[in-house]
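>>> quick one: sequence and predicted model below, then my questions.
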Amino acid sequence: MSDRVGRILVVDDERHMRELCRRNLSAAGHEVTVAESGAKALEVFTGDNFDLVLTDLMMPGMSGLELLVNVLERDPEMACVMMTAQATIETAVEAIKRGAYNYVSKPFTSDELVTLVESALAVRWLKLESARLREEAERNLLLVATEQSRTRTVVESMADGVMVTNREGMLVLYNPAVLRLLGIKHALPTLGAPPSRDLFPSELLGWMERVLDDADTTRADRELSGGPPHLAANIAPIHDEAGETLGVVAVVRDVTEAKSLQQRMSDFVSMVAHELRSPLGAISQYLDLILTGGVGDQPDHERQILGRCRSRAGSLSQLVNDLLEFSRLQGKRETRERTLAPLDVTEVVREAAEFAAHPAANRGITLTADLPPESPLIDGDREELMRLFTNLIDNAIKYNREAGSVQVECGLSGGYVTVTVTDTGLGIPKDQLARLGEAFFRVKTPETARITGTGLGVSICKQIIEAHNGHLEVESEHGEGSAFRVLLPRRGLTASAGDGGEG
(Lines give C-alpha, C1' and ligand atoms only; values in the text may rest on other atoms or scores of the structure.)
Protein backbone atom coordinates (compact mmCIF):
# COMPACT_ATOMS: atom_id res chain seq x y z
CA MET A 1 0.00 0.00 0.00
CA SER A 2 1.28 3.45 -0.88
CA ASP A 3 2.10 5.89 1.92
CA ARG A 4 0.43 8.65 -0.06
CA VAL A 5 -3.16 9.51 0.83
CA GLY A 6 -5.66 9.57 -2.01
CA ARG A 7 -8.68 11.86 -2.09
CA ILE A 8 -11.54 9.72 -3.37
CA LEU A 9 -15.11 10.56 -4.37
CA VAL A 10 -17.51 7.58 -4.18
CA VAL A 11 -20.76 7.92 -6.15
CA ASP A 12 -23.55 5.30 -5.87
CA ASP A 13 -27.30 5.50 -5.43
CA GLU A 14 -27.24 2.57 -2.96
CA ARG A 15 -26.43 3.69 0.56
CA HIS A 16 -24.93 0.41 1.74
CA MET A 17 -22.55 0.34 -1.26
CA ARG A 18 -21.38 3.87 -0.53
CA GLU A 19 -20.71 3.00 3.10
CA LEU A 20 -18.95 -0.23 2.15
CA CYS A 21 -16.56 1.63 -0.14
CA ARG A 22 -16.02 4.36 2.49
CA ARG A 23 -15.06 1.84 5.18
CA ASN A 24 -12.70 -0.18 3.00
CA LEU A 25 -10.92 2.82 1.42
CA SER A 26 -10.72 4.74 4.72
CA ALA A 27 -9.21 1.69 6.36
CA ALA A 28 -6.56 1.75 3.63
CA GLY A 29 -5.65 5.32 4.69
CA HIS A 30 -7.49 7.39 2.08
CA GLU A 31 -9.80 10.38 2.43
CA VAL A 32 -13.29 9.46 1.19
CA THR A 33 -16.25 11.65 0.24
CA VAL A 34 -19.57 10.10 -0.83
CA ALA A 35 -22.38 11.29 -3.11
CA GLU A 36 -25.72 9.59 -3.84
CA SER A 37 -26.04 10.80 -7.45
CA GLY A 38 -24.10 12.17 -10.40
CA ALA A 39 -25.60 15.63 -9.86
CA LYS A 40 -24.52 15.67 -6.20
CA ALA A 41 -21.04 14.49 -7.22
CA LEU A 42 -20.63 17.39 -9.64
CA GLU A 43 -21.65 19.82 -6.90
CA VAL A 44 -18.64 18.83 -4.75
CA PHE A 45 -16.22 18.11 -7.63
CA THR A 46 -14.09 21.20 -8.49
CA GLY A 47 -11.41 19.58 -10.59
CA ASP A 48 -8.52 19.73 -8.12
CA ASN A 49 -10.02 18.47 -4.83
CA PHE A 50 -10.05 14.75 -5.71
CA ASP A 51 -7.56 12.24 -7.07
CA LEU A 52 -10.05 9.52 -8.04
CA VAL A 53 -13.76 9.12 -8.76
CA LEU A 54 -15.30 5.69 -7.99
CA THR A 55 -18.77 5.63 -9.53
CA ASP A 56 -21.55 3.19 -10.25
CA LEU A 57 -22.45 2.90 -13.91
CA MET A 58 -26.21 2.45 -13.59
CA MET A 59 -27.77 5.25 -11.52
CA PRO A 60 -31.08 7.07 -11.84
CA GLY A 61 -30.86 10.52 -13.34
CA MET A 62 -27.25 11.07 -14.47
CA SER A 63 -25.58 7.78 -15.34
CA GLY A 64 -22.03 6.90 -14.41
CA LEU A 65 -21.01 7.27 -18.06
CA GLU A 66 -22.41 10.82 -18.19
CA LEU A 67 -20.64 11.63 -14.91
CA LEU A 68 -17.41 10.27 -16.40
CA VAL A 69 -17.65 12.65 -19.36
CA ASN A 70 -18.24 15.65 -17.07
CA VAL A 71 -15.39 14.73 -14.72
CA LEU A 72 -12.86 14.25 -17.52
CA GLU A 73 -13.86 17.57 -19.08
CA ARG A 74 -12.93 19.26 -15.81
CA ASP A 75 -9.76 17.22 -15.22
CA PRO A 76 -8.51 15.07 -18.14
CA GLU A 77 -5.99 13.32 -15.86
CA MET A 78 -8.58 12.30 -13.24
CA ALA A 79 -8.51 8.62 -12.31
CA CYS A 80 -11.95 7.09 -12.78
CA VAL A 81 -12.99 3.58 -11.75
CA MET A 82 -16.41 2.19 -12.68
CA MET A 83 -18.50 -0.17 -10.53
CA THR A 84 -20.86 -2.39 -12.46
CA ALA A 85 -22.93 -5.57 -12.29
CA GLN A 86 -22.19 -8.44 -14.68
CA ALA A 87 -25.12 -7.44 -16.88
CA THR A 88 -23.44 -4.14 -17.80
CA ILE A 89 -19.90 -5.28 -18.63
CA GLU A 90 -20.25 -3.94 -22.18
CA THR A 91 -21.08 -0.50 -20.81
CA ALA A 92 -18.05 -0.65 -18.50
CA VAL A 93 -15.81 -1.44 -21.48
CA GLU A 94 -17.31 1.57 -23.28
CA ALA A 95 -16.44 3.69 -20.22
CA ILE A 96 -12.81 2.57 -20.43
CA LYS A 97 -12.74 3.58 -24.07
CA ARG A 98 -13.95 7.02 -23.01
CA GLY A 99 -11.18 7.48 -20.45
CA ALA A 100 -11.98 5.43 -17.34
CA TYR A 101 -9.00 3.65 -15.81
CA ASN A 102 -10.76 0.32 -15.18
CA TYR A 103 -13.89 -1.23 -13.72
CA VAL A 104 -14.73 -3.55 -10.85
CA SER A 105 -17.64 -5.98 -10.97
CA LYS A 106 -20.17 -6.17 -8.19
CA PRO A 107 -19.99 -7.90 -5.81
CA PHE A 108 -16.27 -7.40 -5.05
CA THR A 109 -14.03 -8.03 -2.07
CA SER A 110 -12.32 -5.36 -0.02
CA ASP A 111 -8.90 -6.37 -1.34
CA GLU A 112 -10.11 -6.22 -4.96
CA LEU A 113 -11.45 -2.69 -4.44
CA VAL A 114 -8.40 -1.34 -2.59
CA THR A 115 -5.93 -2.91 -5.04
CA LEU A 116 -7.75 -1.50 -8.08
CA VAL A 117 -8.18 1.96 -6.53
CA GLU A 118 -4.56 2.22 -5.44
CA SER A 119 -3.39 1.07 -8.87
CA ALA A 120 -5.50 3.82 -10.45
CA LEU A 121 -4.16 6.36 -7.95
CA ALA A 122 -0.56 5.34 -8.74
CA VAL A 123 -1.20 5.86 -12.45
CA ARG A 124 -2.73 9.28 -11.80
CA TRP A 125 0.12 10.39 -9.59
CA LEU A 126 2.63 9.12 -12.14
CA LYS A 127 0.89 11.13 -14.86
CA LEU A 128 0.87 14.24 -12.69
CA GLU A 129 4.56 13.82 -11.82
CA SER A 130 5.42 13.28 -15.47
CA ALA A 131 3.50 16.43 -16.41
CA ARG A 132 5.27 18.37 -13.64
CA LEU A 133 8.68 17.14 -14.76
CA ARG A 134 7.84 17.93 -18.37
CA GLU A 135 6.74 21.46 -17.47
CA GLU A 136 9.85 21.94 -15.35
CA ALA A 137 12.06 20.71 -18.17
CA GLU A 138 10.34 23.02 -20.63
CA ARG A 139 10.66 25.88 -18.18
CA ASN A 140 14.35 25.13 -17.68
CA LEU A 141 14.88 24.93 -21.43
CA LEU A 142 13.13 28.28 -21.78
CA LEU A 143 15.31 29.74 -19.04
CA VAL A 144 18.43 28.39 -20.74
CA ALA A 145 17.30 29.75 -24.10
CA THR A 146 16.45 33.11 -22.51
CA GLU A 147 19.79 33.25 -20.72
CA GLN A 148 21.65 32.33 -23.90
CA SER A 149 19.74 35.00 -25.79
CA ARG A 150 20.46 37.56 -23.09
CA THR A 151 24.13 36.63 -23.01
CA ARG A 152 24.35 36.77 -26.80
CA THR A 153 22.66 40.19 -26.80
CA VAL A 154 25.08 41.51 -24.17
CA VAL A 155 28.14 40.16 -25.96
CA GLU A 156 27.02 41.43 -29.36
CA SER A 157 26.32 44.91 -27.99
CA MET A 158 29.73 45.25 -26.34
CA ALA A 159 32.06 47.88 -27.77
CA ASP A 160 35.02 45.63 -26.95
CA GLY A 161 35.69 42.64 -29.17
CA VAL A 162 35.08 39.18 -27.68
CA MET A 163 36.17 35.78 -28.97
CA VAL A 164 36.04 32.43 -27.13
CA THR A 165 37.68 29.10 -27.91
CA ASN A 166 36.98 25.78 -26.16
CA ARG A 167 39.52 23.42 -24.63
CA GLU A 168 40.18 21.90 -28.07
CA GLY A 169 41.01 25.35 -29.44
CA MET A 170 37.82 25.57 -31.54
CA LEU A 171 36.14 28.94 -31.99
CA VAL A 172 32.77 28.87 -30.19
CA LEU A 173 31.83 32.55 -29.88
CA TYR A 174 32.71 35.96 -31.31
CA ASN A 175 30.94 39.30 -31.58
CA PRO A 176 30.74 41.93 -34.34
CA ALA A 177 33.07 44.28 -32.43
CA VAL A 178 36.03 41.89 -32.72
CA LEU A 179 35.52 41.75 -36.49
CA ARG A 180 35.47 45.56 -36.67
CA LEU A 181 38.52 46.04 -34.46
CA LEU A 182 40.58 43.40 -36.26
CA GLY A 183 39.48 44.62 -39.69
CA ILE A 184 37.81 41.32 -40.67
CA LYS A 185 35.50 42.35 -43.53
CA HIS A 186 35.29 39.92 -46.44
CA ALA A 187 35.05 36.53 -44.70
CA LEU A 188 33.40 35.46 -41.46
CA PRO A 189 35.11 33.12 -38.97
CA THR A 190 33.76 29.57 -38.84
CA LEU A 191 32.36 28.40 -35.51
CA GLY A 192 33.42 24.93 -34.44
CA ALA A 193 36.76 25.22 -36.24
CA PRO A 194 40.16 26.58 -35.12
CA PRO A 195 40.38 30.39 -35.59
CA SER A 196 41.89 31.08 -39.01
CA ARG A 197 45.30 32.72 -38.99
CA ASP A 198 44.28 34.39 -42.23
CA LEU A 199 41.63 36.33 -40.29
CA PHE A 200 42.97 36.68 -36.74
CA PRO A 201 46.42 38.03 -35.79
CA SER A 202 48.87 35.17 -35.21
CA GLU A 203 50.22 36.78 -32.05
CA LEU A 204 46.70 36.94 -30.54
CA LEU A 205 46.05 33.27 -31.32
CA GLY A 206 49.48 32.38 -29.93
CA TRP A 207 48.71 34.12 -26.63
CA MET A 208 45.37 32.31 -26.38
CA GLU A 209 47.05 28.94 -26.99
CA ARG A 210 49.68 29.62 -24.32
CA VAL A 211 47.02 30.61 -21.77
CA LEU A 212 45.07 27.42 -22.59
CA ASP A 213 48.17 25.25 -22.18
CA ASP A 214 49.41 26.88 -18.97
CA ALA A 215 47.13 25.79 -16.12
CA ASP A 216 48.68 28.35 -13.74
CA THR A 217 47.91 31.37 -15.91
CA THR A 218 45.09 33.50 -14.55
CA ARG A 219 45.18 36.33 -17.08
CA ALA A 220 47.40 37.85 -19.74
CA ASP A 221 47.35 41.45 -20.94
CA ARG A 222 49.07 42.11 -24.24
CA GLU A 223 49.22 44.91 -26.79
CA LEU A 224 49.01 43.88 -30.42
CA SER A 225 51.72 45.15 -32.71
CA GLY A 226 50.92 47.53 -35.54
CA GLY A 227 48.28 50.20 -35.62
CA PRO A 228 46.66 52.57 -35.62
CA PRO A 229 44.24 51.64 -34.31
CA HIS A 230 46.27 50.46 -31.35
CA LEU A 231 44.70 47.32 -29.88
CA ALA A 232 45.21 45.49 -26.60
CA ALA A 233 43.94 42.05 -25.63
CA ASN A 234 43.00 40.65 -22.25
CA ILE A 235 43.16 36.83 -22.37
CA ALA A 236 41.86 34.65 -19.53
CA PRO A 237 41.08 30.94 -19.09
CA ILE A 238 37.48 29.83 -18.47
CA HIS A 239 37.03 27.37 -15.58
CA ASP A 240 34.05 25.33 -14.41
CA GLU A 241 33.03 24.92 -10.77
CA ALA A 242 35.54 22.09 -10.33
CA GLY A 243 38.38 24.23 -11.66
CA GLU A 244 38.66 22.41 -14.97
CA THR A 245 39.67 24.58 -17.92
CA LEU A 246 36.84 24.84 -20.44
CA GLY A 247 38.48 27.25 -22.85
CA VAL A 248 39.88 30.75 -23.28
CA VAL A 249 38.22 34.15 -23.72
CA ALA A 250 39.98 37.10 -25.35
CA VAL A 251 38.66 40.64 -24.99
CA VAL A 252 40.10 43.02 -27.57
CA ARG A 253 39.81 46.77 -27.02
CA ASP A 254 40.91 49.91 -28.81
CA VAL A 255 43.56 51.74 -26.75
CA THR A 256 44.36 54.37 -29.38
CA GLU A 257 42.77 57.15 -27.35
CA ALA A 258 44.51 55.99 -24.18
CA LYS A 259 47.89 55.96 -25.94
CA SER A 260 47.12 59.36 -27.44
CA LEU A 261 46.21 60.66 -23.99
CA GLN A 262 49.42 59.22 -22.60
CA GLN A 263 51.40 60.98 -25.33
CA ARG A 264 49.54 64.23 -24.73
CA MET A 265 50.22 64.00 -21.02
CA SER A 266 53.89 63.41 -21.74
CA ASP A 267 53.91 66.39 -24.11
CA PHE A 268 52.10 68.45 -21.50
CA VAL A 269 54.59 67.69 -18.76
CA SER A 270 57.50 68.37 -21.11
CA MET A 271 55.94 71.61 -22.38
CA VAL A 272 55.05 72.93 -18.93
CA ALA A 273 58.47 72.07 -17.55
CA HIS A 274 60.19 73.82 -20.47
CA GLU A 275 57.86 76.83 -20.60
CA LEU A 276 58.04 77.40 -16.84
CA ARG A 277 61.71 76.73 -16.32
CA SER A 278 63.01 79.23 -18.86
CA PRO A 279 61.06 82.37 -17.81
CA LEU A 280 61.24 81.55 -14.10
CA GLY A 281 65.00 81.06 -14.37
CA ALA A 282 65.41 84.35 -16.22
CA ILE A 283 63.22 86.25 -13.72
CA SER A 284 65.16 84.74 -10.83
CA GLN A 285 68.50 85.75 -12.36
CA TYR A 286 67.33 89.30 -13.11
CA LEU A 287 66.00 89.77 -9.57
CA ASP A 288 69.20 88.35 -8.06
CA LEU A 289 71.16 90.85 -10.14
CA ILE A 290 69.12 93.74 -8.75
CA LEU A 291 69.07 92.46 -5.15
CA THR A 292 72.83 91.88 -5.05
CA GLY A 293 73.52 95.37 -6.36
CA GLY A 294 74.92 94.10 -9.62
CA VAL A 295 73.10 96.84 -11.53
CA GLY A 296 74.58 99.61 -9.42
CA ASP A 297 73.21 103.09 -9.69
CA GLN A 298 71.88 102.66 -13.21
CA PRO A 299 68.11 103.35 -13.24
CA ASP A 300 67.83 102.82 -16.99
CA HIS A 301 69.54 99.43 -16.79
CA GLU A 302 67.34 98.50 -13.84
CA ARG A 303 64.16 99.48 -15.72
CA GLN A 304 65.37 97.40 -18.68
CA ILE A 305 65.83 94.34 -16.46
CA LEU A 306 62.42 94.84 -14.82
CA GLY A 307 60.89 95.14 -18.29
CA ARG A 308 62.38 91.78 -19.20
CA CYS A 309 60.97 90.31 -15.98
CA ARG A 310 57.58 91.69 -16.91
CA SER A 311 57.85 90.17 -20.39
CA ARG A 312 58.76 86.79 -18.95
CA ALA A 313 55.91 87.03 -16.43
CA GLY A 314 53.60 87.84 -19.34
CA SER A 315 54.66 84.59 -21.03
CA LEU A 316 53.80 82.68 -17.86
CA SER A 317 50.45 84.45 -17.66
CA GLN A 318 49.74 83.49 -21.29
CA LEU A 319 50.56 79.87 -20.48
CA VAL A 320 48.13 79.90 -17.56
CA ASN A 321 45.44 81.58 -19.67
CA ASP A 322 45.84 79.00 -22.44
CA LEU A 323 45.58 76.14 -19.97
CA LEU A 324 42.47 77.64 -18.38
CA GLU A 325 40.87 78.27 -21.78
CA PHE A 326 41.66 74.73 -22.91
CA SER A 327 40.12 73.32 -19.73
CA ARG A 328 37.05 75.55 -20.07
CA LEU A 329 36.43 74.47 -23.67
CA GLN A 330 36.88 70.81 -22.72
CA GLY A 331 34.27 71.25 -20.00
CA LYS A 332 31.87 72.91 -22.43
CA ARG A 333 32.34 70.10 -24.93
CA GLU A 334 31.55 67.44 -22.32
CA THR A 335 28.52 69.25 -20.85
CA ARG A 336 27.41 70.79 -24.16
CA GLU A 337 26.80 74.09 -22.36
CA ARG A 338 27.13 76.83 -24.95
CA THR A 339 24.92 79.81 -25.84
CA LEU A 340 24.78 80.65 -29.55
CA ALA A 341 23.24 83.77 -31.04
CA PRO A 342 22.89 85.27 -34.54
CA LEU A 343 26.24 86.83 -35.37
CA ASP A 344 27.98 88.66 -38.24
CA VAL A 345 31.43 87.05 -38.46
CA THR A 346 32.86 90.07 -40.31
CA GLU A 347 32.45 92.28 -37.23
CA VAL A 348 34.36 89.82 -35.05
CA VAL A 349 37.17 89.35 -37.59
CA ARG A 350 37.52 93.12 -38.07
CA GLU A 351 37.84 93.62 -34.31
CA ALA A 352 40.43 90.83 -34.00
CA ALA A 353 42.48 92.34 -36.85
CA GLU A 354 42.41 95.76 -35.18
CA PHE A 355 43.75 94.27 -31.93
CA ALA A 356 46.58 92.59 -33.85
CA ALA A 357 47.61 95.72 -35.75
CA HIS A 358 50.01 96.97 -33.05
CA PRO A 359 51.94 93.67 -32.56
CA ALA A 360 52.21 93.33 -36.33
CA ALA A 361 53.59 96.85 -36.70
CA ASN A 362 56.14 96.21 -33.94
CA ARG A 363 57.58 93.38 -36.04
CA GLY A 364 57.33 95.25 -39.30
CA ILE A 365 54.69 92.87 -40.62
CA THR A 366 52.03 94.15 -43.00
CA LEU A 367 48.56 93.16 -41.81
CA THR A 368 45.69 93.67 -44.25
CA ALA A 369 42.05 92.71 -43.85
CA ASP A 370 39.96 92.30 -47.01
CA LEU A 371 36.52 92.26 -45.42
CA PRO A 372 33.07 92.95 -46.90
CA PRO A 373 30.78 95.40 -45.09
CA GLU A 374 28.83 92.46 -43.69
CA SER A 375 28.46 88.70 -44.08
CA PRO A 376 25.51 86.29 -43.80
CA LEU A 377 24.71 85.55 -40.17
CA ILE A 378 25.87 82.44 -38.34
CA ASP A 379 24.85 81.00 -34.96
CA GLY A 380 27.90 81.64 -32.82
CA ASP A 381 29.40 82.49 -29.46
CA ARG A 382 31.00 85.94 -29.94
CA GLU A 383 33.56 85.55 -27.15
CA GLU A 384 34.79 82.18 -28.42
CA LEU A 385 34.95 83.32 -32.04
CA MET A 386 36.92 86.39 -30.97
CA ARG A 387 39.40 84.06 -29.28
CA LEU A 388 39.51 81.89 -32.43
CA PHE A 389 40.37 84.66 -34.89
CA THR A 390 42.71 86.40 -32.44
CA ASN A 391 44.67 83.16 -32.05
CA LEU A 392 44.91 82.59 -35.80
CA ILE A 393 46.06 86.13 -36.55
CA ASP A 394 48.51 86.18 -33.61
CA ASN A 395 50.04 82.88 -34.79
CA ALA A 396 50.36 84.25 -38.32
CA ILE A 397 52.32 87.18 -36.88
CA LYS A 398 54.37 85.16 -34.38
CA TYR A 399 55.47 82.53 -36.90
CA ASN A 400 56.10 85.04 -39.68
CA ARG A 401 59.35 86.46 -41.00
CA GLU A 402 60.55 89.99 -40.38
CA ALA A 403 58.85 92.36 -42.82
CA GLY A 404 56.46 89.60 -43.85
CA SER A 405 52.73 89.93 -44.42
CA VAL A 406 49.42 88.59 -43.11
CA GLN A 407 46.24 88.67 -45.18
CA VAL A 408 42.77 88.18 -43.60
CA GLU A 409 39.79 87.56 -45.88
CA CYS A 410 36.09 86.74 -45.48
CA GLY A 411 33.95 85.03 -48.11
CA LEU A 412 31.30 82.41 -48.88
CA SER A 413 31.60 78.78 -49.93
CA GLY A 414 28.41 76.77 -50.36
CA GLY A 415 26.50 76.99 -47.11
CA TYR A 416 29.52 78.26 -45.19
CA VAL A 417 30.95 81.65 -44.26
CA THR A 418 34.73 81.43 -44.67
CA VAL A 419 37.55 83.28 -42.92
CA THR A 420 41.07 82.76 -44.29
CA VAL A 421 44.29 83.90 -42.57
CA THR A 422 47.31 83.70 -44.91
CA ASP A 423 50.90 84.45 -43.91
CA THR A 424 54.35 84.49 -45.51
CA GLY A 425 55.91 82.83 -42.48
CA LEU A 426 57.91 79.74 -41.59
CA GLY A 427 55.38 77.19 -42.80
CA ILE A 428 54.81 73.67 -41.49
CA PRO A 429 56.66 70.52 -42.64
CA LYS A 430 54.28 68.06 -44.34
CA ASP A 431 55.14 65.25 -41.90
CA GLN A 432 53.88 67.41 -39.00
CA LEU A 433 50.67 68.70 -40.58
CA ALA A 434 48.66 65.66 -39.44
CA ARG A 435 49.39 66.39 -35.77
CA LEU A 436 48.53 70.07 -36.01
CA GLY A 437 45.76 70.77 -33.52
CA GLU A 438 46.72 68.07 -31.02
CA ALA A 439 46.84 69.42 -27.50
CA PHE A 440 50.39 70.52 -26.51
CA PHE A 441 51.83 69.70 -29.92
CA ARG A 442 54.19 72.31 -31.37
CA VAL A 443 55.79 72.34 -34.80
CA LYS A 444 59.45 71.51 -34.31
CA THR A 445 61.91 73.09 -36.72
CA PRO A 446 65.14 75.02 -36.15
CA GLU A 447 63.23 78.24 -36.85
CA THR A 448 60.52 77.59 -34.21
CA ALA A 449 62.94 76.65 -31.43
CA ARG A 450 63.29 80.31 -30.39
CA ILE A 451 59.53 80.95 -30.35
CA THR A 452 57.74 80.39 -27.06
CA GLY A 453 54.30 78.76 -26.96
CA THR A 454 52.13 76.24 -25.18
CA GLY A 455 51.06 74.10 -28.14
CA LEU A 456 47.43 74.80 -27.22
CA GLY A 457 46.59 77.64 -29.63
CA VAL A 458 45.51 75.58 -32.65
CA SER A 459 43.92 72.94 -30.40
CA ILE A 460 41.76 75.65 -28.81
CA CYS A 461 40.86 76.94 -32.28
CA LYS A 462 39.79 73.46 -33.41
CA GLN A 463 37.61 72.98 -30.35
CA ILE A 464 35.84 76.28 -30.97
CA ILE A 465 35.31 75.47 -34.67
CA GLU A 466 33.96 71.98 -33.92
CA ALA A 467 31.60 73.43 -31.29
CA HIS A 468 30.16 75.62 -34.07
CA ASN A 469 29.80 72.63 -36.46
CA GLY A 470 32.50 74.11 -38.68
CA HIS A 471 35.70 72.94 -40.32
CA LEU A 472 39.36 73.98 -40.35
CA GLU A 473 41.44 73.61 -43.51
CA VAL A 474 45.20 74.14 -43.46
CA GLU A 475 47.53 74.57 -46.41
CA SER A 476 51.21 75.07 -45.74
CA GLU A 477 54.56 74.85 -47.45
CA HIS A 478 57.62 74.64 -45.22
CA GLY A 479 59.57 77.87 -45.56
CA GLU A 480 56.93 79.63 -47.64
CA GLY A 481 54.00 80.29 -45.31
CA SER A 482 50.58 78.93 -44.36
CA ALA A 483 46.87 79.50 -44.94
CA PHE A 484 44.30 78.66 -42.25
CA ARG A 485 40.74 78.58 -43.55
CA VAL A 486 37.76 78.45 -41.16
CA LEU A 487 34.34 77.38 -42.51
CA LEU A 488 31.32 78.16 -40.32
CA PRO A 489 27.78 77.12 -41.37
CA ARG A 490 25.47 79.95 -42.34
CA ARG A 491 22.44 80.45 -40.13
CA GLY A 492 19.47 78.46 -41.42
CA LEU A 493 21.51 76.76 -44.15
CA THR A 494 23.41 74.21 -42.08
CA ALA A 495 21.45 71.28 -43.52
CA SER A 496 22.35 72.26 -47.10
CA ALA A 497 25.94 73.26 -46.44
CA GLY A 498 27.30 70.45 -48.57
CA ASP A 499 24.78 70.78 -51.40
CA GLY A 500 26.59 73.39 -53.45
CA GLY A 501 24.73 76.57 -52.49
CA GLU A 502 26.38 79.83 -53.35
CA GLY A 503 29.81 79.94 -54.89
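Nice, I can see it. Since we're looking at a predicted model, the values are computed, not measured.
>>> what segments of the chain are helices?
Using DSSP state H, the helices of the chain run over residues 15-27, 38-44, 64-74, 89-97, 110-157, 176-181, 202-213, 256-291, 299-335, 345-362, 382-398, 430-433, 457-467.
>>> comparing the ones you listed, which yields the minimum mean pLDDT?
With a mean of 65, helix 299-335 has the lowest mean pLDDT of the helices of the chain.
>>> would you enumerate the residues in contact with Leu181?
Gly161, Pro229, Leu231, Val252, Arg253, Asp254 (CB atoms under 8 Å, 6 or more residues apart in numbering). In short, each C-beta sits where N, CA and C put it, glycine included.
>>> enumerate every residue touching the residue lying closest to Val255 once chain neighbours are set aside.
Leaving aside its sequence neighbours, Val255 sits nearest to Ala232 (CB to CB, 6 or more residues apart in numbering; 4.7 Å). Taking CB under 8 Å, 6+ apart, we find Ala232 in contact with Asp221, Arg222, Glu223, Leu224, Val252, Arg253, Val255.
>>> so the second one makes contact with Leu205?
No - Arg222 is not in contact with Leu205 according to CB atoms under 8 Å; the separation is 11.7 Å.
>>> between those two, which has more neighbouring residues?
Each of Arg222 and Leu205 has its neighbours counted (other CB atoms under 10 Å); Leu205 has more, 19 against 15.
>>> residue contacts, that one?
Contacts of Leu205 by CB under 8 Å, 6+ apart are Pro195, Arg197.
>>> can you do 10 Å?
Met163, Thr165, Gly169, Pro194, Pro195, Ser196, Arg197, Leu199, Ala250 (CB atoms under 10 Å, 6 or more residues apart in numbering).
>>> if any of those residues are buried, give me the ChimeraX selection for them.
Remark: buried members of the contacts of Leu205, expressed as a ChimeraX selection using 16 or more other CB atoms under 10 Å:
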select :163,165,169,195,199,250
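>>> tabulate the contacts of Leu205 in JSON lines, adding columns for distance to Leu113.
Formatted as JSON lines, those follow (distance: CB to CB, whole Å):
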{"residue": "Met163", "distance to Leu113": "68"}
{"residue": "Thr165", "distance to Leu113": "65"}
{"residue": "Gly169", "distance to Leu113": "67"}
{"residue": "Pro194", "distance to Leu113": "69"}
{"residue": "Pro195", "distance to Leu113": "70"}
{"residue": "Ser196", "distance to Leu113": "73"}
{"residue": "Arg197", "distance to Leu113": "77"}
{"residue": "Leu199", "distance to Leu113": "75"}
{"residue": "Ala250", "distance to Leu113": "70"}
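>>> around Asn395, how many other residues sit close by?
Asn395 has 21 neighbours, counted by other CB under 10 Å.
>>> over to the one 3 residues further on?
For Lys398, the count of nearby residues is 18 (other CB under 10 Å).
>>> and the gap between it and Thr420?
Going from Lys398 to Thr420 by CB to CB, to the nearest Å gives 18 Å.
>>> kindly report the same for Leu121.
Going from Leu121 to Thr420 by CB to CB gives 97 Å.
>>> of these two, who's got more company?
When Leu121 and Thr420 are compared for neighbours, Leu121 comes out ahead with 22 against 18, by other CB under 10 Å.
>>> so what's that one up against?
Residues counted as contacts of Leu121 (CB under 10 Å, 6+ apart) are Ser2, Arg4, Val5, Gly6, Arg7, Ile8, His30, Asp51, Leu52, Ala79, Val81, Tyr101.
>>> how about 7 Å then?
Gly6, Asp51, Leu52, Ala79 (CB atoms under 7 Å, 6 or more residues apart in numbering).
>>> look up the closest residue to it, ignoring the ones flanking it.
Closest residue to Leu121 apart from its sequence neighbours, by CB to CB, 6+ apart: Gly6 at 4.4 Å.
>>> ok, Leu67 next?
Gly38 (4.0 Å).
>>> do Met208 as well
Using CB to CB, 6+ apart and skipping residues adjacent in sequence, the residue nearest Met208 is Val248, 4.8 Å away.
>>> any idea how far Pro194 is from the one you found?
As defined by CB to CB, Val248 lies at a distance of 12 Å from Pro194.
>>> regarding stretch 466-473, how distant is the last residue from the first?
The first and final residues of stretch 466-473 sit 12 Å from each other (CA to CA, to the nearest Å).
>>> how about stretch 8-22?
9 Å.
>>> run through who's touching that stretch.
25, 30-38, 41, 44-45, 50-56, 59-60, 67, 83, 113, 117.
>>> quick one: stretch 399-406 to chain centroid distance?
50 Å (CA atoms, centre = their mean, to the nearest Å).
>>> swap that for stretch 38-51, sorry
58 Å.
>>> buried set for that stretch?
Gly38, Ala41, Leu42, Phe45, Phe50, Asp51.
>>> among the contacts of Leu121, which one lies nearest to Val154?
Asp51 (46.2 Å; CB to CB).
>>> domain map for the protein?
Domain assignment of the chain by automatic domain parsing yields the ranges 7-133, 158-254, 265-333, 338-496.
>>> how much space separates Ala79 from Glu129?
When distance is defined by CB to CB, Ala79 is 14 Å away from Glu129.
>>> which one of those two has more residues nearby?
Ala79 (26 against 10).
>>> surely the residue nearest to Leu67 and Met59 touch.
Yes - assessed by CB atoms under 7 Å, Gly38 is found in contact with Met59 at 6.2 Å.
>>> identify the residue spatially nearest to Met62, adjacent ones excluded.
Gly38 (3.0 Å).
>>> give the contact list for that neighbour.
Gly38 makes contact with Val11, Met59, Gly61, Met62, Ser63, Glu66, Leu67, according to CB under 7 Å, 6+ apart.
>>> could you do Gly404 as well?
Ile365, Asp423, Thr424, Gly425.
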